[in-house]
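Peer 1: Fold the following.
(2 chains)
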Number of protein chains: 2
Amino acid sequence: MITGSQALTTDFYEITMSAAYHAHDMNGEATFSLFIRDLPPQRGFIVAAGLEQVLDYLEGFSFSGEDIDYLRGLDRFTPGFLDYLGGVRFTGEVWALPEGSICFADEPLLEVTAPIIEAQLVETMIINLVNLHSMLASKAARSVLAAQGRALVDFGLRRTQGPDAGMAAARAAALVGFAGTSNVAAARELGLPPVGTMAHSFVEAFGDEIASFRAFASIFPDHTVILVDTYDSVAGLQRAVQVAGELKAQGHKLVGVRLDSGDMVALSRQAREMLDQAGLEDSLVVVSGSLDEYRVAEMLAQGAKVDLLAVGTKVVCSADAPYFDIAYKLVSYNERPTLKLSAGKRTWVSAKQVWRQLDAQGKLAHDLLGLRGENQPGQPLLAQVMAGGRRIGPREHWRQARRRFQEQLAALPEACRRLESPARAAVEITSALKGLQERTQAQVLGNSGRL
Amino acid sequence: MITGSQALTTDFYEITMSAAYHAHDMNGEATFSLFIRDLPPQRGFIVAAGLEQVLDYLEGFSFSGEDIDYLRGLDRFTPGFLDYLGGVRFTGEVWALPEGSICFADEPLLEVTAPIIEAQLVETMIINLVNLHSMLASKAARSVLAAQGRALVDFGLRRTQGPDAGMAAARAAALVGFAGTSNVAAARELGLPPVGTMAHSFVEAFGDEIASFRAFASIFPDHTVILVDTYDSVAGLQRAVQVAGELKAQGHKLVGVRLDSGDMVALSRQAREMLDQAGLEDSLVVVSGSLDEYRVAEMLAQGAKVDLLAVGTKVVCSADAPYFDIAYKLVSYNERPTLKLSAGKRTWVSAKQVWRQLDAQGKLAHDLLGLRGENQPGQPLLAQVMAGGRRIGPREHWRQARRRFQEQLAALPEACRRLESPARAAVEITSALKGLQERTQAQVLGNSGRL
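Peer 2: Numbers count the residues shown, from 1 in each chain, chains lettered A, B, ... in the order given. Take a look at the predicted model:
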């Protein structure tokens, strides 16, 4: 492992472009806008997340001596540029949607205004972090919708795309309302309860199923969820109920039973009935195993009786939409609006704002996308969160972001909340933005020699 | 950020089970087997990767004082167990497929034998790391097949699921033959060339396209790839050829032009023709923009003229198969073979070996999956790589793994290399393994009270 800063976790062209800007004394003020071009077909909305990670990254941005030595060794850069790079910090400003905000395609999640070299050097990590966190929060939010008020926990760490993505997945899930995570490091960092009790291997190591249940319950008499499907779920349930009775006689309570395979609808109903008949109405039926929002919705529609849903793999890698079509685009340089004309990749010029318009029932009617300086009705969604390279105000706790998400979700029309073929809220463009866009486009077309 | 070791990056149940084992003085020798149950439909083979990361993790495994303090604060664990946990190291042995090996469903990628508490505590990270690296290598290998000998580079860092996954993606791509990466940190760590020159924002900041090309080329006269599609690809190509001529007059050579949008087949042919006509036969046509193996194969089949393919998003998150159905299962405890009977999740018992059988032409005929101690014809694929918690032999360089991959790929039948509906090599089971499996199953069924 080579030591160094996070500053080299970037695309090489950020550094070559910076060298060219530096050589040409070109470091004017640039604004870059981060947005998602098109939502994946299965997404009705985006949950903005990752801002705290971006601000941490920007506050700590600098190249270490080892980084500069490495770049020197490539034999591409002048000593003057390398000296300059060694001293670069991020000094710009950031406007952003606070975490937990619900947003849509074309709306900026974040805008950076800074000397162009700084704004360029941080591009790759900003895209990476916002993509990861927002994608995972947007996916986890769908499990919340499907669960209809039932508790959810994150069991996904083993199948996230790397251990860091496991931290992001646990946080994203907490942000949209999950009650806990199996990831102990994440539970610690987030102040969430760590969840989970036993695996199949535990039962197998004992060989005798009821002996394994008793061995566990004797150590954790108030914190046992028994996994019943190692050999046969119904026999396992019977043994779990027996052990629950033994616990009860000692003044303890079985927290629950966990089903992990088989016909979850029938088994969950049977489990509920067996627990209830044994006077264990408070013990939970926990379900896990390849759960995502589609499976949860299906199970519940078929009458499953479940208290706690443990979701994993498909949610924590956002399996049905494992990336966003997210972009960080130059929208102005030295106060001149900029855009590209590349096929299928047009962008809205200049620094922007989004105003949310609610109807008489308090539901989202539409959003208005316009220029940052405009005065428009509705609630402006982007706020300035960084000035001079430093956070404005204190770090926001994810629980605050959760409250924001829950409020905005409550205002989201039913059609946008559908899991299948969701509607998207209308995003209208102000006439000021339209006008500037058209003038810029005409100018760029004139200058570019488009054939 | 709370400090601590990586040991808490684990599922909570690993710790609760360990506490129960510890309380019951139950820490016999366990063997866990890591394998993939079913390949995703679009995968004909798996490229094993992530072993070096697993061995690093196991060698460094320990709980810090902060970790133990955190666990103490949960009020679940006895002081005796917490003391024990503070001193736990991984002391076991590991057998594994070397990185770059080609393998199939049901074949162990890795087997751990250790006191059960140690083997259990490391489960989550082992699954996570092998899943991530093997999934990304298996995906990247398909781009190599599609490119038919053309050079490939990794441009994916901005869309990987987290910065760490970006390091894994660059390494996985290098392992299967990619020539470079845009990820500077990864290029440094791997000793690969960092690649990339300019973005659309560079052209836009100048406004005047040819001025931006000249500005870049004047600083990097021998290392410039011009991005031509900011406004109009054909006009951009004309300007690139003009700047290439200016460079040539000064004794330099334009490395290439990059196409990033539009009709890649037509544009690449036009670019090639324009470069050739200008006497720039050595300048490269580079293509990027939503490339994966499907798109690459299609473009080349339609006659695209491309020298260098820069792949990104869809490859680095393995978009069509963003996780493997990977499992780490207890296969024996205290020399007693174990298995579970859960619906659709059966596993092969005991420590195993895979022997590869080649045909007369040196192509893979079939694999034989059997018990580790058996004597079978063919090349045994799993090797012991760790004893007493320490690596056996030196760390392997990824270039060695690349050679292994290339050799094994050459031996893979054409039908297994198809991108669509690939065939899978036959994996036959030895009669010794079959016999032990049947006896164990009968015994477990007898004991388990399956209804």
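Peer 1: Go ahead and confirm A:Trp95 touches A:Pro380.
Peer 2: No: using Cβ atoms under 8 Å, A:Trp95 is not in contact with A:Pro380; the gap is 9.9 Å. C-betas here are computed from N, CA, C, even on glycine.
Peer 1: Look at those two and report which has more neighbours.
Peer 2: A:Trp95 (22 against 16; other Cβ atoms under 10 Å in any protein chain shown).
Peer 1: Work out the sheet partners of the host helix or strand of A:Leu309 and label each with its direction, please.
Peer 2: According to DSSP states H and E, A:Leu309 maps onto strand A:308-311. Strand A:308-311 sits in its sheet next to strand A:151-154 (parallel), strand A:284-287 (parallel), going by DSSP bridges.
Peer 1: I'd like those as JSON lines, with mean neighbour count appended.
Peer 2: Converted to JSON lines, these look like this (neighbours: other Cβ atoms under 10 Å in any protein chain shown):
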{"stretch": "strand A:151-154", "mean neighbour count": "24"}
{"stretch": "strand A:284-287", "mean neighbour count": "24"}
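Peer 1: Kindly reformat those strands as CSV and extend each row with mean pLDDT.
Peer 2: Formatted as CSV, the strands paired with strand A:308-311 follow (pLDDT from 0 to 100):
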stretch, mean pLDDT
strand A:151-154, 98
strand A:284-287, 98
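Peer 1: Out of the ones you listed, the one nearest A:Gly60 is which?
Peer 2: Nearest to A:Gly60 among these is strand A:151-154 (27.2 Å), distances taken as Cβ to Cβ.
Peer 1: got the CA coordinates for that closest one in PDB?
Peer 2: Extracted in PDB, the C-alpha atoms of strand A:151-154 (Å, rounded to 0.1, in the frame of the first residue of the first chain):
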ATOM      1  CA  ALA A 151     -39.400  -2.100  10.400                       C
ATOM      2  CA  LEU A 152     -36.400  -2.600   8.000                       C
ATOM      3  CA  VAL A 153     -32.800  -3.400   8.700                       C
ATOM      4  CA  ASP A 154     -29.700  -3.600   6.500                       C
END
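Peer 1: ok, and what's touching it?
Peer 2: Here strand A:151-154 makes contact (Cβ atoms under 8 Å, 6 or more residues apart in numbering or on different chains) with A:140, A:143-144, A:169-170, A:173-174, A:177-183, A:186, A:195, A:307-312, A:315-316.
Peer 1: got it, and stretch A:163-173?
Peer 2: With contacts defined as Cβ under 8 Å, 6+ apart, stretch A:163-173 is touched by A:47, A:49-50, A:53, A:132-133, A:136-137, A:139-140, A:152, A:154, A:156-157, A:160, A:181, A:183, A:185-187, A:189-190, A:192, A:315-317, A:398, B:6, B:9, B:125, B:128-129, B:161-165.
Peer 1: Go ahead and confirm A:Arg72 touches A:Gly80.
Peer 2: No: the criterion here is Cβ under 8 Å, and A:Arg72 misses it with A:Gly80 at 11.9 Å.
Peer 1: Who has more neighbours out of the two?
Peer 2: Counted by other Cβ under 10 Å, A:Arg72 and A:Gly80 do not tie: A:Arg72 has more neighbours, with 14 against 11.
Peer 1: Which residues are in contact with A:Tyr84?
Peer 2: Neighbouring residues of A:Tyr84 by Cβ under 8 Å, 6+ apart: A:His22.
Peer 1: right, and the helix or strand after the helix or strand harbouring it?
Peer 2: If you go by DSSP H and E, A:Tyr84 is part of helix A:79-87. Once the chain leaves helix A:79-87, the next helix or strand it forms, by DSSP H and E, is strand A:93-96.
Peer 1: Outside of that following strand itself, which residues are in contact with it?
Peer 2: For strand A:93-96, using Cβ under 8 Å, 6+ apart, the contacting residues are A:48, A:51, A:54-55, A:58, A:108-114, A:351, A:372, A:382-388.
Peer 1: do stretch A:295-304 as well
Peer 2: A:143, A:146-148, A:150, A:264-265, A:268-269, A:287, A:306, A:309, A:311, A:419.
Peer 1: And stretch A:237-254, by the same measure?
Peer 2: Here stretch A:237-254 has contacts from A:209-210, A:213-214, A:217, A:221-222, A:224-226, A:228, A:257, A:267, A:270-271, A:274-275, A:278-280, A:282-283, using Cβ under 8 Å, 6+ apart.
Peer 1: Also near chain B: which of the residues you listed, exactly?
Peer 2: A:Glu209 (Cβ under 8 Å from any Cβ of the partner chain).
Peer 1: circling back: the contacts of strand A:151-154, buried ones only, as a PyMOL selection?
Peer 2: Per 16 or more other Cβ atoms under 10 Å in any protein chain shown, the buried members of these correspond to this PyMOL selection:
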select buried, chain A and resi 140+143+144+169+170+173+174+177+178+179+180+181+182+183+186+195+307+308+309+310+311+312+315+316
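Peer 1: Right, I'll call it a day here.
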